[in-house]
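S.K.: Model the structure of this input:
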Amino acid sequence: MSGTSCSFCGKSDDQYGERRCFVGSSASPPVFICHRCVVLCNDILASHRARESCDRCRDGTLRPLSKRQAQIIAFVREFIAEHEFAPSFEEIAEHFSYRSLATVHEHLTNIQRKGWIRRRYNEFRSIELVSASPSSSSEKTS
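M.R.: Numbering: from 1, shown residues only. Sure, this is the predicted structure:
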């Protein structure tokens, strides 16, 4: 389908060298979206859902962390104390010997949902600790 272009970024199939736009079946006129914009939209929606779920569940207490999540919070706290800025995903992955940044992302998303951290969308080193006290609820068991 030559000549179609993404309804979001405007890039055409021809610019990708192959058919890369998805067609929205229920829209009239049809809406096309490229793979890059699909990924971006999914990231925005995931970030929004994480913020919403955290805000909805917060009742003044923090939800308990798993052992690994508590270790990540401790590492982030120590890193910020030493360097005065948050660690990058790469530094967290290196510290815990993770081979994939997706593992770091998953842990941080779960920690954020539990209310322990805040992150700004698409910003480098944007982890902010919500609570300064490490023992407020991390010792509880689920």
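
S.K.: On the three-state scheme, the closest residue to Lys114 other than its chain neighbours is what?
M.R.: The shortest distance from Lys114 to any non-neighbouring residue, by Cβ to Cβ, 6 or more residues apart in numbering, is to Arg63 (4.0 Å). Every C-beta, even on glycine, is put in place using the N, C-alpha and C of the backbone. Classification of Arg63 by DSSP: H, G, I helix; E, B strand; the rest coil places it in coil.

S.K.: For this protein, which segments count as helices?
M.R.: 13-16, 35-57, 67-83, 89-95, 101-113 (DSSP state H).

S.K.: Before we move on, what's the pLDDT of the nearest residue to Phe75 once chain neighbours are set aside?
M.R.: In this structure, Phe75 finds its nearest non-sequential neighbour in His95, 5.7 Å apart by Cβ to Cβ, 6+ apart. What the model reports as pLDDT for His95 is 96.

S.K.: Against Ala74, how distant is Ala81?
M.R.: 11 Å (Cβ to Cβ, to the nearest Å).

S.K.: My guess is Ile111 contacts Arg119. True?
M.R.: No - at 9.4 Å, Ile111 does not count as touching Arg119 under the criterion of Cβ atoms under 8 Å.
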